[in-house]
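J.: can you look at this prediction? I've put the sequence above it.
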Amino acid sequence: MAVVAQGMSGREAVEQGERTGIRSARRVVGRVLTYTILLFWAVVCLFPLYWTATTSIKDQTAVLKGPTYVPGVDFEPSRVGWDSVLTGGMGENFVRNARNSFIISVTSAALAVMLGAAAGYGLTRFNYRFGPWRNRDISFWFLSQLILPPAAVVMPILILYRELHLLDTHLGLILLYTVVNLPIVIWIMRDQFNSIPIELEQAALVDGATLFGAFRRVVIPIAAPGLVAAFILCVIFAWNEYFFAAVLSATRAVTLPWMIAGQVSSQGVRWWSMAALSTAAILPLTIIGILLERYIVKGLTAGAVK
């Protein structure tokens with residue numbers, strides 16, 4: 001009987017080992033498949049950036065030749081695109097337009113974050129009533145403004161800016177981008193503040209802090225990742241926006257996207273110059289995204305899991 005029991009135990013151990021091996025093999029195969037899919041998707045997402053960067057070091061012959069991918073193998077690198085951007089009259093315009101983009105995007109993002117943080121905090125800590133609307137309805141109304149297409153409002157804005165003498169000014173684009181960015185900032189900060197226990201603010205009030213003091217000293221430091229994420233998203237939108245900038249500016253407040261589109265003329269498209277300008281415009285945002293990636297992820301996922 002002991003021999004039989006020992007044999008049964010041996011078979012069970014063998015079967016258990018086989019099941020463990022199968023599970024390990026499945027786990028390895030699943031992990032390899034997952035990383036393969038992620039690697040493929042990364043290549044798909046990054047290839048346009050690589051194509052733009054390589055096109056910026058091509059001359060007219062290499063551009064018109066057809067698909068070429070590897071510098072020094074498929075084509076000889078050329079500086080004609082970057083020389084046209086960094087020297088001469090276009091170089092001066094590039095510096096001016098880059099400065100305009102920086103001033104407009106950073107200022108509008110800062111204003112949007114300040115106003116949106118205040119609005120998001122109010123929607124999470126106080127009860128509002130506007131006719132039949134409550135806090136949730138007001139929040140969805142803010143979000144619904146993102147559905148409105150820019151072409152539907154550009155004509156009234158153009159007429160209004162002409163009367164207020166805001167056409168082709170930094171202030172005009174800053175105010176417009178601030179308003180356009182507010183809905184997304186409000187929603188990001190609303191979720192961020194919802195994830196912060198209200199007991200922390202109550203403890204600060206008991207210790208003698210004012211409502212604004214509790215908001216500034218307790219809530220804002222905890223919500224910093226959401227603030228950074230909202231600020232970066234606003235900067236990216238304002239930096240890349242073309243439609244409003246093309247309609248509302250002409251000479252003094254021209255931004256980089258307007259300059260990039262200006263490489264299209266009746267004589268054709270200067271692909272090498274357009275690619276060089278695009279690469280120069282993408283590079284600062286890429287560096288910001290890499291350095292502040294953890295803040296972006298943490299800020300956008302705040303409140304998702306409680």
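T.: On my side now, so go ahead.
J.: could you list the domains of this structure?
T.: 2-43, 80-300 (automatic domain parsing).
J.: deepest-packed of these, please.
T.: Highest mean neighbour count among the domains of the chain (mean count of other Cβ atoms under 10 Å): domain 80-300, with a mean of 17. Every residue, glycine included, has its C-beta placed from N, CA and C.
J.: quick revisit: mean pLDDT and distance to A62 added to the domains of the chain, as CSV?
T.: Conversion of these to CSV gives the following (pLDDT from 0 to 100; distance: least, Cβ to Cβ, whole Å):
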stretch, mean pLDDT, distance to A62
domain 2-43, 76, 22
domain 80-300, 86, 8
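J.: for W51, which of the ones you listed is the nearest?
T.: domain 80-300 (8.4 Å; Cβ to Cβ).
J.: next one: that closest one to chain centre, how far?
T.: Domain 80-300 sits 10 Å away from the centroid of its parent chain (Cα atoms, centre = their mean, to the nearest Å).
J.: if we can go back for a sec, just put the domains of the chain in a markdown table and tack on distance to V63.
T.: Shown next, in a markdown table, are the domains of the chain (distance: least, Cβ to Cβ, whole Å):
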| stretch | distance to V63 |
| --- | --- |
| domain 2-43 | 23 |
| domain 80-300 | 5 |
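J.: nearest to G66, of those?
T.: domain 80-300 (12.6 Å).
J.: backbone dihedrals for T169, please?
T.: phi -130, psi 150 (degrees, to the nearest 10).
J.: A253 is in contact with that one, correct?
T.: Yes. T169 lies in contact with A253 (Cβ atoms under 8 Å); the separation is 5.7 Å.
J.: so the residue lying closest to P71 once chain neighbours are set aside: helix, strand or coil?
T.: Nearest non-adjacent residue to P71, counting by Cβ to Cβ, 6 or more residues apart in numbering: P77, 4.8 Å away. Following DSSP: H, G, I helix; E, B strand; the rest coil, we place P77 in the coil state.
J.: touching, P77 and T55? I think so.
T.: No. Between P77 and T55 there is no contact under Cβ under 8 Å: 11.1 Å.
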